[in-house]
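1. Got a sequence here, can you model it:
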Amino acid sequence: MTELILARHGETAWNVERVFRGRADVNLNEVGVTQAELLGKHLSQWQLEAIYSSPLKRALDTANTVARCQKLAVHIADGLTDFDYGEWQSLPEQEVKRLYPALLNEWHSNPQRVKMPEGESLEDVRRRAIDVVDGILARYHGNVLLVSHRVVIKVLVCHLLGLDNSHFWNIRQDVCGITVFDCMDGRFILISHNDTSHLRELQKSVLADF
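-> Numbering: from 1, shown residues only. Alright, predicted model coming up:
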C-alpha cells in the first residue's frame, strides 16, 4: 500500500494580496517559512519514503524544509507545477474582475470549461499531475509526500475521488494543509483532508480559498 500525502506550499505575499500566482516564482513570506517548518516538524512523525515537489520556489522551499527533517532529497516533478493562468498571472484579483469579468464568472461557475488565455485548462493540469502520481505508485509502497499548489491539489483530489473537474470549487486546500490518501488495489481512500492542525500555534486567521 502506498500512502500519498498532498501538501500545499506555505503562504506567500501574493496569497495575502490575492494576486494570481501561476508560474511566477514567488517566495514564501515570513509566515510561510514558519508554516513550512511546522509542516516539517509534524511530518517528522511519519517515515517518508520519498518527497516530490513542484519546481517553483514556494513549493520547493516548503519541500526542502520537510526533507531536512527526514534526511531525504527532494525529487522535482514538473507535473506538479502551478496552474498556468496565462494572461491572469501576476494580476490582482480586482484587476482580473475589471479586465475579464465574463471569464472570471465562468471560472467561478464552470471551472471545467475554462481555458485561460495563453494558459491552461484544469484538464491540462489533471493529465500532467496524474502522470506524476502514476509514476510514484509504480515505484513506491510507503509514504510519499507531494508538495504542490492549490489548483493542482484540488484537481488531484477530484480525480482520486472519481469526480470530474466541475467539482473543483467543492474542494478547499489551505496553505500548508495536508490531504492524505491510501492507495490500495487500484483504489484511493481519503484518510484526511486539508488538515492544518499543525499550524495552530501560529494563531493566525485562515486565508480565503485563493
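2. switch to C-alpha atoms for all contacts and neighbour counts from now on
-> Fine.
3. what residues are up against T196?
-> 174, 176-178 (C-alpha atoms under 8 Å, 6 or more residues apart in numbering).
4. so which of those residues is the most crowded?
-> Using other C-alpha atoms under 10 Å as the neighbour criterion, C176 leads the contacts of T196 with 29 neighbours.
5. Can you tell me the SS state at that residue?
-> Recorded secondary structure, C176: coil (DSSP: H, G, I helix; E, B strand; the rest coil).
6. For it, give its distance to V157.
-> To V157, C176 is 15 Å away according to C-alpha to C-alpha, to the nearest Å.
7. likewise R68?
-> Taken as C-alpha to C-alpha, the span from R68 to V157 is 27 Å.
8. So for the two, which sits in the more crowded spot?
-> Neighbour totals were compared for R68 and V157, and V157 leads with 27 against 15 (other C-alpha under 10 Å).
9. tell me the contacts of the residue nearest to the spatial centre of the chain?
-> Most central in the chain under C-alpha atoms, centre = their mean is H149, positioned 2.6 Å from the mean C-alpha point. H149 sits next to 8-9, 54, 59, 80-83 when contact means C-alpha under 8 Å, 6+ apart.
10. could you redo the last one with a cut-off of 10 Å?
-> Contact partners of H149, counting by C-alpha atoms under 10 Å, 6 or more residues apart in numbering, are 6-10, 21-22, 53-54, 56, 58-59, 80-83, 173-176.
11. did I read that right, L4 in a helix?
-> No - L4: not assigned to a helix; according to three-state DSSP it is strand.
12. what about the strands in this protein?
-> Assigned strands in the chain, in chain order: 2-8, 48-53, 74-76, 143-148, 178-184, 187-195 (criterion: DSSP state E).
13. tilt between the second one and strand 2-8?
-> Computed by axes from the mean of the first three to the mean of the last three C-alpha atoms, to 10 degrees, the angle separating strand 48-53 from strand 2-8 equals 40 degrees.
14. May I have strand 48-53 as CSV, with CA atoms only?
-> Taking C-alpha atoms only, strand 48-53 is exported to CSV below (Å, rounded to 0.1, in the frame of the first residue of the first chain):
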residue,chain,number,x,y,z
LEU,A,48,8.6,9.2,4.4
GLU,A,49,9.9,7.1,1.6
ALA,A,50,10.2,10.0,-0.9
ILE,A,51,9.4,13.6,-1.4
TYR,A,52,8.3,15.2,-4.7
SER,A,53,7.8,18.9,-5.4
